[in-house]
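J.: Predicted model and sequence follow; I will ask about them next.
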Amino acid sequence: MFTKQDMQQMEAKGIGLPQVNAQIAYFRAGFPFLSIAGPAVAGDGIRRFSAQEAARYAEEYDRRVSGLSAVKFVPASGAATRMFKDLYAFLNEGKESAAVREVLENLDRFAFCGELEKLGVKRGGEPRKTISAIVGDEGLGYGKLPKGLLLFHAYPEGSRTALEEHLAEGAMYARSGDGTVHIHFTVSPEHQAGFEALVGRVLPDYEAKFGVRYAVSYSQQKPMTDTIAVDMNDEPFREKDGSLLFRPGGHGALLENLNDISADVIFIKNIDNVVPDHLKGDTVTYKKVLAAVLLELQAECFSLLEALENEADEAAVGRAADFVRRELGYRPAPDFDAKPVGERRELLRDVLDRPVRVCGMVKNEGEPGGGPFWVRDEDGSLSLQIAESSQIAPEQKELMRTATHFNPVDLVCGVRDRKGTKYDLRKYCDPQTGFISVKSKDGRELKAQELPGLWNGAMARWNTVFVEVPIATFNPVKSVNDLLRPQHQGA
């Protein structure tokens, strides 16, 4: 199936033949659906705190932060082209949709209107010239820039990009004990220089404004995480020159990038989910809440692991079993209690000795995205997972409609064991949770494969805890028109 040139191409990417063969096998057999036992809801898989409880957790994190290292991890790869699909449809096909009219009529409400004025473009001008000035190469070129470099919010002193809002956020909750704010952006190779230039220009101002030091770092998706494409007969798809076609493996590829990060607390949040400073209160509070819950859970995991290591009696096993059921989103198989104490002890040690993530969940208000579910594993145990609709069998789709919450990608992660050694996160991925989609290249259809999603299958074997967070913490910008929502306007 593969030539010498194919093997050289794989080697250049750092991809092994067994890896490629496994991907082709998934194309042919498909990925199995998850066995959904039911949605996670408040009181059964999702923790809910009163305002007083949330305040106590936030205060607890503030007390502990002086002895911690923290990193804010921001997936920021890719161009913002989809944000402007309606604008492109207008330029390419003349379709003046309601979305396009809204942009034209509210031009002066966008944070980038000042930049347009520098180009001689104002509200009420010729529509095609105005739209072209926003997305075109001769204007702002926003259609080809990543979201992180777009001006999102207007302030009296000037407008801020999404990247800058993450700098501000980081100073508010992700400061390490030594006063440094570590922020890591995953970027596309063609955009890293733009990120570096912007950070270099604005960092002194933000350090002065917030009284912190920043340590900003970057990484790119690794070529070894690309996946092979196949034709509609599940044979390797070849380019016109005969070479194999490999495609980026989706956001699950960032597991490799995350695996290179080591800190006591890692905050994960998408690049476009930001708000102006006057609306950051809930976000800051609940980031601290999630982190405090994480640290509390970790401490108990470490204590129970130590007890199980030094004690083999029924009492120690019972305490650990009660904890994983009550607090860790894990329910052992029905025959667990009938097993000998030694077997139960080893199973519990395995469960407790894993990376931990505490995930914010917001009430379902019709937004697209995955949700929190109880998933039945092969051994009959139940664990909490974030599942996408494509992972759920058609006969279980009704369960998605009964879900009360959805995933806003708001995670706080603990990646070190009780001895301070970082886990190899790749060991806690479920490889059978990838995605297959139909794409095209040069007019020919192909099948593409995405790796298990970063907060889906890539973290399937982590200990997972869900906490309800306010809807005010979820303000993604999927369309340029979203920037006109009150959450993205000035005070």
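T.: Thanks, I have the structure now.
J.: quick one, domains of this protein?
T.: 4-79+161-485, 82-144 (automatic domain parsing).
J.: As CSV, those domains with distance to F152, mean neighbour count and mean pLDDT would be great.
T.: C-beta here means a position set from N, CA and C on the backbone, and glycine is covered the same way. Putting the domains of the chain into CSV (distance: least, CB to CB, whole Å; neighbours: other CB atoms under 10 Å; pLDDT from 0 to 100) gives the following:
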stretch, distance to F152, mean neighbour count, mean pLDDT
domain 4-79+161-485, 5, 18, 95
domain 82-144, 6, 16, 94
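J.: Output the ones you listed as JSON lines; include the columns distance to L150.
T.: Converted to JSON lines, the domains of the chain look like this (distance: least, CB to CB, whole Å):
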{"stretch": "domain 4-79+161-485", "distance to L150": "6"}
{"stretch": "domain 82-144", "distance to L150": "6"}
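J.: out of those, which comes closest to A154?
T.: domain 82-144 (4.3 Å; CB to CB).
J.: Start and end of the closest one, how far apart?
T.: 10 Å (CA to CA, to the nearest Å).
J.: mind listing the helices for the stretch 151-300 of the chain?
T.: 162-173, 192-210, 255-259, 281-310 (DSSP state H, counting those that start in this stretch).
J.: Is it possible to get a markdown table of these that adds distance to K397?
T.: Shown next, in a markdown table, are the helices of the stretch 151-300 of the chain (distance: least, CB to CB, whole Å):
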| stretch | distance to K397 |
| --- | --- |
| helix 162-173 | 34 |
| helix 192-210 | 40 |
| helix 255-259 | 27 |
| helix 281-310 | 30 |
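J.: so A312 makes contact with R345?
T.: Yes: using CB atoms under 8 Å, A312 is in contact with R345, at 6.1 Å.
J.: Is S440 located within a strand, as I assumed?
T.: Yes: with DSSP: H, G, I helix; E, B strand; the rest coil as the criterion, S440 is part of a strand.
J.: Let me see the contact set for the most far-flung residue of the chain relative to its centre.
T.: Taking CA atoms, centre = their mean, the residue of the chain most remote from its mean C-alpha position is D313, at 40.7 Å. Going by CB atoms under 8 Å, 6 or more residues apart in numbering, D313 touches V341.
J.: same deal with Q9?
T.: Counting by CB under 8 Å, 6+ apart, Q9 has contacts S243, L244, F246.
J.: Quick check: next helix or strand after the one helix or strand it maps to?
T.: Q9 is located in helix 4-13, with elements delineated by DSSP states H and E. Downstream of helix 4-13, the next assigned helix or strand under DSSP H and E is helix 17-29.
J.: Go ahead and name everything in contact with that next one.
T.: Contacts of helix 17-29 (CB under 8 Å, 6+ apart): 2, 7, 10, 227-228, 230, 234, 236, 431-432, 434, 436, 447, 449.
J.: Likewise for stretch 244-252?
T.: So stretch 244-252 is contacted by 6, 9-10, 13, 15, 75, 221, 225-229, 236-239, 434-435, 439, 441, 446, 448-454, 456-458 (CB under 8 Å, 6+ apart).
J.: 6 Å instead, please
T.: 6, 9, 221, 225-229, 236-237, 239, 448, 450-454, 458 (CB atoms under 6 Å, 6 or more residues apart in numbering).
J.: Equivalent analysis for stretch 59-79, please.
T.: Contacts for stretch 59-79 (CB under 6 Å, 6+ apart): 144, 146, 148, 166, 170, 174, 176-177, 182-188, 254, 261, 263-268, 270-271, 288, 291-292.
J.: Distance check, G124 against S437.
T.: Separation of G124 from S437 (CB to CB, to the nearest Å) stands at 42 Å.
J.: quick revisit: out of the contacts of Q9, which is nearest to I134?
T.: F246 (33.1 Å).
J.: does the closest one have beta-bridge partners, and which?
T.: I228 (DSSP bridges).
J.: tell me the SS of V465?
T.: Assignment for V465 (three-state DSSP): strand.
J.: Torsion angles phi and psi at the residue minimising distance to the centre of the chain?
T.: Closest to where the C-alpha atoms of the chain average out (CA atoms, centre = their mean) is V409, at 4.9 Å. Phi and psi for V409, reported as degrees, to the nearest 10, are phi 60, psi 70.
J.: Good, we can wrap up now.
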